[in-house]
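S.K.: here is a sequence together with a model predicted from it:
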Amino acid sequence: MSYSYIVKLSHQNFSLAYSEFRAILDSEEMPYETKFKLDEFIIFDSTKEAVDLLLRRAALAVEAGTFIELIDVERGLRDIVSIVKESLDNENSCVEIDSIRGFGSEIAKALVDIIGIKSLCTRKKKESGMQPIKIALIANIALIYRVIYRRRQRLYSDREPHKRPCYRPGTMKPVLARLFVNLSRVSSLRRELVLDPFCGVGGFAIEACLMGLRSVCCDVDENMVMGARINIEGYDCHSLVDIARMDAGLGALASYRVDGIATDPPYGIQSVPRGYKSLIHLMSKFIENAYNTLKNRRFMVFAVPLQLTKELDRVLTEHGFEIKEKHIDMVHGSLTRTLYVVKKNA
């Protein structure tokens, strides 16, 4: 049975977050229909099974709920209050009011006066199991929904690079690693296989494992492979991960046939393995081999420094990949990269 839901995505990374939202539901072949988008909020029709799966996997879904109503604030506050009170179960629910990025702060104060402080959520009420009815004020609109999910950063904190059994500097954080895997459109329900050919100490493979995916984790550096083995064992993922020392630019990669590729290639000149003239040279050989490894009509996700984008566009097209998405990701002051989502043409 289909219901209306609302999800609040990461505002700072909205294009990536919305792409992840669609990628998860599409990869799992779950039914959904987007009804309305307002800044970082998506209202959509779907099933409980689909929403549960989305929220188990999504890295950039901040909050979600069962949708109640969308109201133009100019209609008056009484309409908002009336709908909220109809939705309240005084013993099991409370009210939260959020002025998104400061919009409607005066309206929020007026709503508190009308609804009453006693009906507002407190930490104690939420810890006791009371369910929030949320009023989100944004762009002269009030979005009303019953909160069913909030992202808890502490679920990722135990997997931060410096807390893993084996740490290496420059390792991608688990939220982004999970995002890359999700954008590669591999299905956890079908236990599909995802490849990370520049795996470092195994961050992508850990996130894939925790979503129920199988993965192949490769790196040319023996020390990285050893580190990956330690981390994979540390998160009890050895049954779902195959680890190998392998050069992503060599043809041995084609011995695998995978459902998706998600990887974070080396960026700096000093990071490029011996035998390659440049990062472009390495990426060209990798893309050539990736085409032979990836199944038809499946997806690959990776990032490169922004200045290489024009050359990579050419290389991808020459090797039979269709560029589906490109996202700009500002890592820090000296590094802006392009995140590619590409599809292998049959």
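M.R.: Received it, and whenever you're ready, just let me know what you need. Note that the structure is a prediction, hence the values are computed from the model and not measured. Residues are numbered from 1 along each chain as shown.

S.K.: wait, isn't residue 243 in contact with residue 227?
M.R.: No: using CB atoms under 8 Å, residue 243 makes no contact with residue 227, being 10.1 Å away. No exception for glycine: its C-beta is placed from N, CA and C like everyone else's.

S.K.: anything in contact with each of these two?
M.R.: Residues within reach of residue 243 and of residue 227 at once, by CB atoms under 8 Å, 6 or more residues apart in numbering, are residue 202.

S.K.: can you pull the contacts of residue 312?
M.R.: 280, 283, 304, 338, 340.

S.K.: can you pick the most crowded of these?
M.R.: residue 283 (24 neighbours; other CB atoms under 10 Å).

S.K.: just the contacts of residue 312: which are in strands?
M.R.: The strands, defined by DSSP state E, take in 304, 338, 340 from the contacts of residue 312.

S.K.: next helix or strand past the host helix or strand of residue 97?
M.R.: Secondary structure from DSSP states H and E places residue 97 in strand 93-99. Sequence-wise, the next helix or strand downstream of strand 93-99 (DSSP H and E) is helix 105-115.

S.K.: identify each buried residue in that next one, please.
M.R.: 107, 108, 111, 115 (16 or more other CB atoms under 10 Å).

S.K.: what residues does the very next helix or strand once past that helix touch?
M.R.: Downstream of helix 105-115, the first helix or strand assigned by DSSP H and E is helix 123-127. Helix 123-127 has contacts (CB under 8 Å, 6+ apart) with 94, 132.

S.K.: what does stretch 318-331 give?
M.R.: By CB under 8 Å, 6+ apart, stretch 318-331 touches 13, 15-16, 19, 183, 287-288, 291, 299-300, 303, 306, 309, 313, 316-317, 336-345.

S.K.: what's the answer for stretch 38-49, then?
M.R.: In contact with stretch 38-49 (CB under 8 Å, 6+ apart) are residues 1-11, 14, 17-18, 21, 25, 30-37, 54, 62, 67, 70, 100, 136, 138-139, 141, 143.

S.K.: same thing with stretch 15-35?
M.R.: In contact with stretch 15-35 (CB under 8 Å, 6+ apart) are residues 2, 4, 7, 9-10, 37, 40, 42-47, 49-50, 53-54, 57-61, 179, 182-189, 325, 327, 329, 339, 341.

S.K.: make it 7 Å
M.R.: 7, 9-10, 42-47, 50, 53-54, 57-60, 179, 182-183, 185-189, 325, 327, 341 (CB atoms under 7 Å, 6 or more residues apart in numbering).
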